[in-house]
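Trainee: got a sequence here, can you model it:
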Amino acid sequence: MVTDGDYILLPQTAISYHIKKNIKKAEKEIDEAIKEKKNLLSEEENKLNNKTSELEKLNTTFTQKSDLISSLQYQSEEISSSIVKQSAKIQKLTIEEENLIMRINTLKDFIKERADWLHKLDLITDEVYESFKLESNSDFQPDKETIAFNAINNNFSDLVSYIHSYTFNKGIVYPRFLIEDFLTLLRTNDFIILSGLSGSGKTQIVKSFAEAMSGVAKVIPVKPNWTSSEDLLGFYNPLQRSYLTAPFLDALIEAERDPSRLHIICLDEMNLARVEYYFADFLSALENRDVQPEIVLYSSDEAEHVFSEFKAVIKILDEARGEIPEESINDFGHFLSNKDINEKLRNMIGINDNETFVSLHSRLRRMLNGILNVPSKLKFPGNVRIIGAINIDETTHYLSPKVLDRAHIIKFDSPLRYNLKEISEQITAYKIEPKKVYVNPSEFLPLRNKYPDYDLSDSLVNTLKSWANDHFEKVGVDLGLRTIRQSLLYRNLLSELDVSEKQILNNILRHKLLPRLSIDGNKKVGSTEESMHDIIKKFHADVSSQLDGESIPDSNNASIELERMIKKAENSDLVYNYWV
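Mentor: Below you'll find the predicted structure:
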């Protein structure tokens, strides 16, 4: 018998009881198994749904990518087509330019044969006459006391020593780091701006460098009323059929005719007028690093018309020479006294009855000298460097971001802060005679080569990129790729003078970064409580850490300069202005 608590179960009943109990247990296990299977099926179904969703996203992305690829292919085809059209256009313009140059050269040859009597008639200037009679300045030879660059093995460090020694011997005192800096910036072929108080040596360094390197310096004062490129280059006068040049253009043309020497053109007091107004065309042209920038002065068609017209006039005068004894030709009036010649000229160039011989002579003279001296297009000479010198006061304008982005700034300290004893000891240690060095620009000054590539494996790129993201972007100052690539070129050239990486970084800070800091330090950064003043202090700590351990003179130390800016801002309601 089987007992169940207080009950006694008969054998048959006990068997039935156990069977029912086992059935309930089996049912429970089956229910649990079914439930577990359902859970597994639910999980698999969720996974399947997720996979389906992911697949749909991938399909959408694929479709978008396909559309983008199709769009890019279409754009690529359009760009290729545009490039072909542009190439054809450039080729056509090149052919037209070559034809024009050939015709102008033909006119020059035509006039060269008649240079003596045209000069006698005062139809060509003394300058043009001499250019026909004398050899070109391209055969410039330095004097015997001058050392050739190849005589010092084309060594730029030695060149710095010679320039330093030569200028010091002339009573012009600069520290060596400034000579190295200026020489390297000349080699970059970038736009350079010299900033500092009056008398700090800005224009003097231009003159002394040109002299020390057997070159030419032109200092051109900027006037406050300059508003367009015409103030810089001059303009074409259609009534007089001639181009009226400005001193800056005259300096460019002179440099083009003298390719064997360095020509430094300095725009003095450059910010008396707004630089981005009168210098805008040059700022755009100087961006092109593939070829030498080209300046369009007037229409090529107009040059063709003047060319044809004046050549016809010369032919009339040439034919008339046979009718008038050579010895009796003393001035232009002898030609015009001939009725036939007078009539031909009147019919050809539209002389009215009231026009005097003097005005006609002046018109023809301007036409001839204009076409001989000023081409319709002028390629920027490779032996020219453009420098701007600025002062900051109540009479001048601040430089716009557009100008600062394209320029290197050298800020001059007071000469009284230079360590004269240390400079004198440096000069003595060179153990060289203070002589000029002649460097042919084709050897010393590279053409406008492309900037180095933006390479994230480069430590300088990473440093500038982190400063741009961590500091400058937060205070509303954009540092673009141009700034970084210009800095790379400068670094590569200055490193040839055995200058340390920290010194190079210091100079880049002073050239390209600190001049951009004109901000209100009270402003908050985004939605945070951090102010722009806080960001600048963090930037200063970063700069100090980067330059730590490098011996840099106070007058050239970016960390010290930034510290001074912070203190000035704290004493002026947190307003930062690099130029004050």
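
Trainee: the residue nearest to residue 263 when sequence neighbours are not counted: neighbour count?
Mentor: Spatial nearest neighbour of residue 263, chain neighbours left out: residue 255 (3.7 Å); criterion: Cβ to Cβ, 6 or more residues apart in numbering. Glycine gets a C-beta too; all of them are placed from N, C-alpha and C. Residue neighbour count, defined by other Cβ atoms under 10 Å, stands at 25 for residue 255.

Trainee: surely residue 255 touches residue 215?
Mentor: No. Contact status for residue 255 versus residue 215: not in contact, 9.6 Å apart, counting by Cβ atoms under 8 Å.

Trainee: which neighbours do these two share?
Mentor: Residues touching both residue 255 and residue 215 (Cβ atoms under 8 Å, 6 or more residues apart in numbering): residue 263.

Trainee: can you show me the helices along the stretch 251-400 of the chain?
Mentor: Assigned helices in the stretch 251-400 of the chain, in chain order: 275-278, 280-285, 300-320, 333-336, 339-349, 357-373 (criterion: DSSP state H, counting those that start in this stretch).

Trainee: would you single out the least confident of the ones you listed?
Mentor: For the helices of the stretch 251-400 of the chain, mean pLDDT drops lowest on helix 333-336, to a mean of 61.

Trainee: for the stretch 101-250 of the chain, just list every one of the strands.
Mentor: 147-148, 191-195, 216-221, 234-237, 242-245 (DSSP state E, counting those that start in this stretch).

Trainee: which residues does the residue nearest to residue 263 contact?
Mentor: For residue 255, the contact set (Cβ under 8 Å, 6+ apart) comprises 216, 263, 265, 381, 383-384.

Trainee: tabulate those (JSON lines), appending pLDDT, neighbour count and distance to residue 23.
Mentor: Converted to JSON lines, these look like this (pLDDT from 0 to 100; neighbours: other Cβ atoms under 10 Å; distance: Cβ to Cβ, whole Å):
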{"residue": "216", "pLDDT": "95", "neighbour count": "20", "distance to residue 23": "115"}
{"residue": "263", "pLDDT": "95", "neighbour count": "22", "distance to residue 23": "111"}
{"residue": "265", "pLDDT": "97", "neighbour count": "23", "distance to residue 23": "109"}
{"residue": "381", "pLDDT": "88", "neighbour count": "20", "distance to residue 23": "108"}
{"residue": "383", "pLDDT": "91", "neighbour count": "20", "distance to residue 23": "108"}
{"residue": "384", "pLDDT": "92", "neighbour count": "22", "distance to residue 23": "107"}
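
Trainee: out of those residues, which is nearest to residue 275?
Mentor: Taking Cβ to Cβ as the measure, residue 275 lies nearest residue 265 of the contacts of residue 255, at 14.7 Å.

Trainee: look up how far residue 389 lies from that closest one.
Mentor: 11 Å (Cβ to Cβ, to the nearest Å).

Trainee: over to residue 499?
Mentor: As judged by Cβ to Cβ, residue 499 and residue 389 stand 25 Å apart.

Trainee: now do the domain split for the chain, please.
Mentor: Per automatic domain parsing, the structural domains of the chain span 2-93, 113-142+298-373, 145-297+379-410, 452-577.

Trainee: for the last one, give the mean pLDDT please.
Mentor: Looking back up the chat, that one is domain 452-577. Averaging pLDDT along domain 452-577 gives 93.

Trainee: how far off centre is it?
Mentor: Between the centre of domain 452-577 and the centre of its host chain there is 20 Å, according to Cα atoms, centre = their mean, to the nearest Å.

Trainee: span of stretch 414-424 from start to end?
Mentor: 18 Å (Cα to Cα, to the nearest Å).

Trainee: show me what it is in contact with.
Mentor: 168, 173-176, 197, 199-201, 553-555.

Trainee: just the contacts of residue 255: which are in strands?
Mentor: Among the contacts of residue 255, the members found in strands (DSSP state E) are 216, 263, 265, 384.

Trainee: just those now: which is nearest residue 294?
Mentor: Of all the ones in strands among the contacts of residue 255, residue 384 has the smallest distance to residue 294: 13.4 Å, by Cβ to Cβ.

Trainee: the closest one and residue 259 touch, don't they?
Mentor: No. The criterion here is Cβ under 8 Å, and residue 384 misses it with residue 259 at 9.9 Å.

Trainee: show residues contacting stretch 398-408.
Mentor: Counting by Cβ under 8 Å, 6+ apart, 185, 188, 190-193, 271, 274-276, 279, 283, 286-287, 388, 390, 392, 478, 480, 482-483, 486, 490, 511-512, 515-516, 518, 579 sit against stretch 398-408.

Trainee: just the buried residues from those residues, in ChimeraX please.
Mentor: This is how ChimeraX selects the buried members of the contacts of stretch 398-408, with burial counted by 16 or more other Cβ atoms under 10 Å:
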select :185,188,190,191,192,193,271,274,275,279,283,286,388,390,392,483,486,490,511,512,515,516,518,579
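
Trainee: ok, residue 24 to residue 30 distance?
Mentor: With distances taken as Cβ to Cβ, residue 24 is found 11 Å from residue 30.

Trainee: quick one, helices of the stretch 1-150 of the chain?
Mentor: All helices of the stretch 1-150 of the chain, identified by DSSP H, counting those that start in this stretch, fall at 11-112, 115-120, 126-133.

Trainee: my guess is residue 186 contacts residue 192. True?
Mentor: Yes. When contacts are counted by Cβ under 8 Å, residue 186 is listed as touching residue 192 (7.5 Å).

Trainee: who touches both of those two?
Mentor: Counting by Cβ under 8 Å, 6+ apart, the common neighbours of residue 186 and residue 192 are residue 385.

Trainee: still on that earlier bit, of the domains of the chain, which is nearest residue 437?
Mentor: Nearest of the domains of the chain (Cβ to Cβ): domain 145-297+379-410, 4.8 Å.

Trainee: show the end-to-end separation of that closest one, please.
Mentor: Using Cα to Cα, the end-to-end distance of domain 145-297+379-410 comes out at 31 Å.

Trainee: next one: stretch 176-184 to chain centre, how far?
Mentor: Chain-centre distance of stretch 176-184: 19 Å, with Cα atoms, centre = their mean.

Trainee: who touches that stretch?
Mentor: So stretch 176-184 is in contact with 156, 159-160, 163-164, 167, 192, 205, 209, 410, 423, 426, 490, 493-494, 497, 499, 503, 507, 553, 556, going by Cβ under 8 Å, 6+ apart.

Trainee: selecting buried members of those residues in ChimeraX, what would you type?
Mentor: The buried residues among the contacts of stretch 176-184 can be selected in ChimeraX (16+ other Cβ under 10 Å) with this line:
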select :156,159,160,163,164,167,192,205,209,410,423,426,490,493,494,497,499,503,507,556
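
Trainee: show me the contacts of stretch 176-184 that map onto helices.
Mentor: With helices taken from DSSP state H, the overlap with the contacts of stretch 176-184 comprises 156, 159-160, 163-164, 167, 205, 209, 423, 426, 490, 493-494, 503, 507.
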